Structure formats: structure tokens, C-alpha cells
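Engineer: need a structure here:
(one chain, ligands or ions: 3)
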Amino acid sequence: MVVLANPSPDETFLLRPSKPCPSFPDTPAVDLSTPAAARDIVSASAEFGFFKVTNHGVSKSLISNLEAAAVEFFALPDVEKEKAVLANSFGYGNREIGRNGDVGWLEYLLLEVAENSPMLLPFLKEPLQSSFCCALKEYVLAMKKLATGVLELMADGLGMEQRNVFGKYINEEKSDSFFRLNHYPPCPMLQVQGFNRTVNGFGEHTDPQIISVMRSTNSDGLEIALRDGSWVSIPPDRDSFFVNVGDSLQVLTNGRFRSVRHRVVTTGVRSRLSMIYFGGPPPCARISPADELLAEDRGRSKYTEFTWADYKAAAFKSRLADNRLRHFENHQ
Ligand SMILES: C=C1C[C@]23C[C@@]1(O)CC[C@H]2[C@@]12CC[C@H](O)[C@@](C)(C(=O)O1)[C@H]2[C@@H]3C(=O)O
Ligand SMILES: O=C(O)CCC(=O)C(=O)O
Ligand SMILES: [Fe+2]
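Structural biologist: Ligands and ions are numbered 1, 2, ... in the order given. Model (predicted):
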């Protein structure tokens, strides 16, 4: 990735006025080993659409293997990484987010997670190819298991009869899930003294899927929007996984849970590496509120039903910051 000390005109639009957000030391934390986990997850999902989980059972070696492979990948010369550029913003990408003009100070690898096929990276040389693929496969499996467990606790906490009412979507053979590695390099132009700005790492948005499970290196930058629209900065925590409620889960719960607006802001010196699993439904899945929740709401759905294929197609035509659910809201 090209790292410039002085912003060229086309880079100035990455700059944001420096207005540091207050830190959010009260980030809801859920200890998955306690009986209160289901209740805590439900209250955090309703209030913030965001929480972190501890005692998650994911082994440290699994995380460090993937982190090491990812660091090695992003350190490759641009010409090697560019061999991994695939159609429709999959594979390796640099600066451009999506297909509609959004940019950020990052490079990334965006991969589809297919149930029965290994995650291949044929563009890489050995031995990185094997170590990266192996680490990815194990990590993504662990994320799917963790996401499923969290979705089951959500169902428990909401008093649903079937524990798999939300988790079934991401466990179907054709589930449309992604995995993403984001690398935010240090930004030299921000290190110039008196240069009082921050840079847009990954602009504000909600995740369209059901659930996202993220972790990052020990560097700050992640910010979330609270209910009143104010932004807070989430202190990094290498030992926890952060969970986002996605748009589809907001609909499945008839608005009991809110999909969280979040963004990454780069402040200069440290690089940041984050790994995110996005659990999505199969393309043909019909997304509408779960029957029991709808009955509690006297049959009044807050959203018109859509298939994941339709929603995703519309989402991928939108700009990052757009409110994608707005078009599906029922106003009664
Ligand atoms: C600008 C965009 C990038 C995005 C597709 C979109 O048109 C709007 C949603 C974006 C998002 C956010 C969460 C995930 O990072 C992502 C892969 C997704 O499913 O939706 C990205 C899309 C992307 O980077 O292509
Ligand atoms: O990189 C991060 O920490 C978050 C990025 C993100 O929100 C996304 O890729 O959807
Ligand atoms: Fe996101």
C-alpha cells in the first residue's frame, strides 16, 4: 500500500476534522460462562446492538496463527497482493470500499465463506498459501461456532421456543457468509506535529448481515454510535470478541435489537489489523420477524419481508453510510 507523508488532493477527502470521541469504558461485556449471559446479551443487543464477549473458548493459538499469516500477507509487495484482486470487491482491495465510491485508509482481504469448499488462496506462494488457508479455515469455523452460540443465547434471552431460530440461517449449507481482514497502516501525514486531523479508516455503516464477530490487534480506532447519535470510542481488547447486531437480525427481532452504526478512525502512529466474520443467511431466505415475536407485537411487523438476495443486491448498490433498512420499514 502506498503510504504518503503529504496528502495529495485525492487523499484530502480521507481527512476528518480531529474531534476525538470520548472513550467508552462501559462497553457491555458478556461473560459467556455465566448464567446471566443470555440476559446480558439481550439487553446489550437492544440498547447498543454491540457488546464484547469473554470466556468464549476460542484458543489463543488459533488467533495468533491467523494474525501471523495476515501480517505476512499484508507485508507482501503490492504487486503480489494485487494478484489477489477478484471481481466485485472480493479478494484484495486497497482504499476502495464496495463499488460505489467509498474510500478508507485501509487495505483488506474479503473472502466468501462456503460451507463445503476450503478457503483457497491460489494467488499466494508457498509456504504462506498453506499456512494462511489452514489458519483461515480453523478460525472461520471457530467464528461460526461462536456466532451460533451467541445467537442461541439471544433466542434463550428472548424466551424463544427454538434455540436455533436465528442461528439456523448462518448454519444452512448455502449461508452467504463472509470473512474480512482489514489492515489499517500507520498514517504518516497525521504524525506531523500540529496536523490536527484524523483519517477515515472505514466509514460509518451498519453491517447488512445477521451478526458480525470481530477482533483486532491492540490498537484503537473502532467507534460506535449510541442511540442518541453520539459516537464513542471502543477501547481495544485483544482477549475479547466484539459482536455487532446486523440489519437482518434487527428485522428478525422486529426491532427489539438494533443494528449498530460503527466506523474505524485512524489517528496516526499504530497500525491496526482486524478480522471479521459476517454471518449471513442463504440468498433465498425470507427475512421477516420471528413468529413468536410478531405474535407478541400483535402481528404488526415493523418491516416488509425481503429475501437476503434482494437485500444484499440493494445493499451492494448503496453507499456505505446509507440507511439500508429505511426502504423496508412499515409505517403504521
Ligand atoms: C459500500 C459498501 C461496502 C459494502 C457494500 C456496500 O455497498 C454497503 C455495505 C458494505 C458492507 C459493510 C459490512 C461488510 O464489511 C461488507 C463486506 C458487507 O457485507 O457490507 C461491506 C461491503 C463491501 O465492502 O463490499
Ligand atoms: O476493521 C474493523 O475493525 C471494522 C470494519 C468493519 O466494520 C467492516 O469491515 O464491516
Ligand atoms: Fe462493519
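Engineer: in contact with Ala135, which residues?
Structural biologist: 62, 65-66, 68-69 (CB atoms under 8 Å, 6 or more residues apart in numbering). Quick note: C-beta positions are derived from backbone N, CA and C, even for glycine.
Engineer: ok, now with 6 Å
Structural biologist: 65-66, 69 (CB atoms under 6 Å, 6 or more residues apart in numbering).
Engineer: could you do Gly201 as well?
Structural biologist: By CB under 6 Å, 6+ apart, the neighbours of Gly201 are 104-106, 184, 221, 264-266.
Engineer: let's see it at 10 Å
Structural biologist: The contact partners of Gly201, by CB atoms under 10 Å, 6 or more residues apart in numbering, come to 14, 16, 97, 104-106, 182, 184-185, 187, 221-223, 263-267, 272, 274.
Engineer: the one helix or strand it maps to: what's the following helix or strand?
Structural biologist: If you go by DSSP states H and E, Gly201 is part of strand 197-205. Next helix or strand after strand 197-205 toward the C-terminus (DSSP H and E): strand 211-216.
Engineer: and that following strand, what's its mean pLDDT?
Structural biologist: Averaging pLDDT along strand 211-216 gives 98.
Engineer: does any bit of it sit next to ligand 2?
Structural biologist: Yes: contact between strand 211-216 and ligand 2, assessed by CB under 6 Å from any ligand atom, occurs at 214, 216.
Engineer: send me that strand as CSV with only the CA atoms.
Structural biologist: Extracted C-alpha coordinates of strand 211-216, given in CSV (Å, rounded to 0.1, in the frame of the first residue of the first chain):
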residue,chain,number,x,y,z
ILE,A,211,-24.3,-11.0,13.1
SER,A,212,-20.6,-9.9,12.8
VAL,A,213,-17.9,-11.2,15.2
MET,A,214,-14.8,-9.0,15.2
ARG,A,215,-11.4,-8.8,16.9
SER,A,216,-8.4,-6.6,16.3
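Engineer: check the offset of the helix or strand following it from the chain's centre.
Structural biologist: Downstream of strand 211-216, the first helix or strand assigned by DSSP H and E is strand 222-225. The chain centre lies 12 Å from the centre of strand 222-225; the measure is CA atoms, centre = their mean, to the nearest Å.
Engineer: anything in strand 222-225 sitting right up against ligand 2?
Structural biologist: Yes: judged by CB under 6 Å from any ligand atom, strand 222-225 and ligand 2 are in contact via Leu222.
Engineer: so of the contacts of Ala135, which ones are in helices?
Structural biologist: Under the assignment DSSP state H, the contacts of Ala135 contribute 65-66, 69 to helices.
Engineer: what about the helices in the stretch 201-332 of the chain?
Structural biologist: Per DSSP state H, counting those that start in this stretch, the stretch 201-332 of the chain carries helices over the ranges 247-252, 291-296, 308-315.
Engineer: residue numbers of the stretch 151-300 of the chain in contact with ligand 2?
Structural biologist: So the stretch 151-300 of the chain meets ligand 2 at 180, 182, 202, 207, 214, 216, 222, 262, 264, 274, 276 (CB under 6 Å from any ligand atom).
Engineer: give me the nearest residue to whichever residue of the stretch 201-332 of the chain sits closest to ligand 2, chain neighbours excluded.
Structural biologist: Evaluated by CB to the nearest ligand atom, the stretch 201-332 of the chain has Ser274 as its residue closest to ligand 2, separated by 3.5 Å. Take Ser274 and drop its neighbours on the chain: the residue closest to it by CB to CB, 6 or more residues apart in numbering is Ser216, 3.8 Å away.
Engineer: ok, the one you found touching Pro236?
Structural biologist: Yes: the pair Ser216 / Pro236 is scored as a contact, 6.1 Å apart, by CB atoms under 10 Å.
Engineer: next up, the contacts around the residue nearest to Leu32 when sequence neighbours are not counted.
Structural biologist: Nearest residue to Leu32, sequence neighbours excluded (CB to CB, 6+ apart): Asn55, at 4.9 Å. Shown in contact with Asn55 (CB under 10 Å, 6+ apart): 30-34, 37, 239-240.
Engineer: go again with 7 Å.
Structural biologist: By CB atoms under 7 Å, 6 or more residues apart in numbering, the contact list for Asn55 reads 31-33.
Engineer: just for the stretch 101-250 of the chain, where's the confidence low?
Structural biologist: Per-residue confidence for the stretch 101-250 of the chain (pLDDT under 70) gives these ranges: 116-118, 193-196.
Engineer: mind listing the strands in it by residue range?
Structural biologist: Applying DSSP state E, counting those that start in this stretch to the stretch 101-250 of the chain gives strands spanning 102-113, 177-184, 197-205, 211-216, 222-225, 231-233, 241-245.
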